[in-house]
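**Student:** Attaching a predicted model along with its sequence, questions to come.
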Amino acid sequence: MEEQMPEKMPPTVEKYDESGDPEEHLRSFADAMAIYSPNELVLCRVFSLSIKGEALAWFHSLRPKTIDSFETLRNLCRKWARSIMSTLSTALRPFSFTDSLFARPLMTLGEMQERAARFIIIEEIRAIQKRQHEKNASSSGQEKKEVVTNEWKKGKKFKDGSIRPRFDRYTPLNVPRAKVLEEALSVDHLPPLKKKPTPKNANGTKHCLYHQNMGHTTEECITLKDKVE
């Protein structure tokens with residue numbers, strides 16, 4: 001690729017690695033370079049100045065004379081993005097992540113990375129819970145048991161209609177349960193719950209995002225605690 005380069009320096013473009021959407025970067029790069037040169041081959045020559053990290057390593061791994069037009073460069077970037085998406089979808093452990101990709105196909109690498117980040121948060125929370133369960137089991141000699149006393153029978157409710165806790169203690173979390181709920185709903189780990197009417201004489205100062213009613217906070221929600229646990 002031998003082209004006469006403009007004497008002026010190319011515009012400064014925010015450098016891209018693999019943490020975003022390559023399509024969006026290509027559009028931003030083309031817009032910024034429109035005032036630099038109308039020659040596509042010139043744009044291809046300076047493209048490496050707009051990338052870094054894994055993206056730059058990928059670019060330098062291309063065979064010489066592979067790129068003969070900006071459209072070729074665009075297609076190569078798309079192919080690279082698809083390979084990352086394929087690797088990411090198989091590298092993450094939870095099968096539900098792969099299921100969600102088939103249920104809601106992705107359009108961009110950026111969207112996939114955002115969804116994967118949500119799954120990672122949930123997996124980290126589960127890892128914390130697992131360690132806490134193991135710690136409790138080793139210290140008490142038994143796994144956490146459900147509460148089964150004469151007053152709290154399994155599957156029963158309190159006299160006021162509220163649901164009894166399934167467990168006598170819950171694993172401490174590093175993030176609010178409202179955040180856990182948001183992430184779990186976004187990746188289909190929890191089914192959306194239909195709005196429930198506010199109980200009579202409920203505390204009007206407390207709102208639950210899970211039940212979408214008043215009476216208790218999201219952090220206090222027994223149903224959500226049980227599902228997260």
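**Tutor:** Yep, that arrived.

**Student:** so Met214 sits right up against Asn203, yeah?
**Tutor:** Yes. With contacts defined as Cβ atoms under 8 Å, Met214 counts as touching Asn203 at a distance of 6.7 Å. In this view, the C-beta of every residue, glycine as well, is placed from N, C-alpha and C.

**Student:** more crowded one of those two?
**Tutor:** Summary of the neighbour comparison: Met214 and Asn203, criterion other Cβ atoms under 10 Å, with Met214 having more neighbours (16 against 12).

**Student:** Once you drop chain neighbours, what's closest to the more buried one?
**Tutor:** Distance criterion Cβ to Cβ, 6 or more residues apart in numbering; nearest residue to Met214, sequence neighbours excluded, is Thr198 at 4.4 Å.

**Student:** mind checking how far the one you found is from Cys208?
**Tutor:** Here the distance between Thr198 and Cys208 works out to 9 Å (Cβ to Cβ, to the nearest Å).

**Student:** intersection of neighbour lists for those two?
**Tutor:** Both Thr198 and Cys208 are in contact with Met214, Gly215, where contact means Cβ atoms under 8 Å, 6 or more residues apart in numbering.

**Student:** For Asp17, give me its contacts.
**Tutor:** When contacts are counted by Cβ under 8 Å, 6+ apart, Asp17 is found next to Ile51, Lys52, Gly53, Glu54, Ala55, Leu56.

**Student:** Quick one: classify Asn75 as helix, strand or coil.
**Tutor:** When classified by DSSP: H, G, I helix; E, B strand; the rest coil, Asn75 comes out as helix.
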